[in-house]
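sequence unknown, structure follows:
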């Protein structure tokens, strides 16, 4: 084997060992954290899943500062925090079922870098469409039943 090949393999092995010892960036392999665990990881990049706290107002003034949104969220464990997002307000924030937040805790405020809205309403049927399909489905068995009774009446005669 050539000396250059040996040095190349030794360099690759050293790089692998360094990555194992120092770890990969935490943001690449992060899991969802609770608000409590995010507060314990001050300044570290985390992902949160939470619900919008509808009892608290959403602070947003498009004229004063269109790149500032502030609101409160509650996670499934009951933890609550204020979220500050330095970008335009997501269009359907108020209607969202859940929000996935990516960012860092800075004191008691979550500095959000990215928001993903989870809104199941787009997967649900429209209420009028749902009522229409229910009435159509209930009407069809009634017609079938009437026809079967009519057929049975004809058979009797």
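Cool, the structure landed. Predicted model, so just to flag it, every value in this text is computed and none were measured. Residues are numbered from 1 along each chain as shown.

Now stretch 82-89: buried residues?
By neighbour count on 16 or more other Cβ atoms under 10 Å, the buried set for stretch 82-89 is 83, 85, 89. Any C-beta I mention is one placed from the backbone N, CA and C, and that applies to glycine too.

Which residue in those has the weakest pLDDT?
The lowest pLDDT within the buried residues of stretch 82-89 belongs to residue 89, with 89.

and that residue, that's in a strand?
No. Counting by DSSP: H, G, I helix; E, B strand; the rest coil, residue 89 falls outside a strand, being coil.

Contact partners for it?
Applying Cβ atoms under 8 Å, 6 or more residues apart in numbering, one finds that residue 89 lies in contact with 58, 60, 62, 69.

and the least confident of those residues?
Among those, residue 62 has the lowest pLDDT, at 88.

ok, it to residue 84 distance?
As judged by Cβ to Cβ, to the nearest Å, residue 62 and residue 84 stand 16 Å apart.

Same question for residue 111.
6 Å.

now swap in residue 117 and tell me
17 Å.
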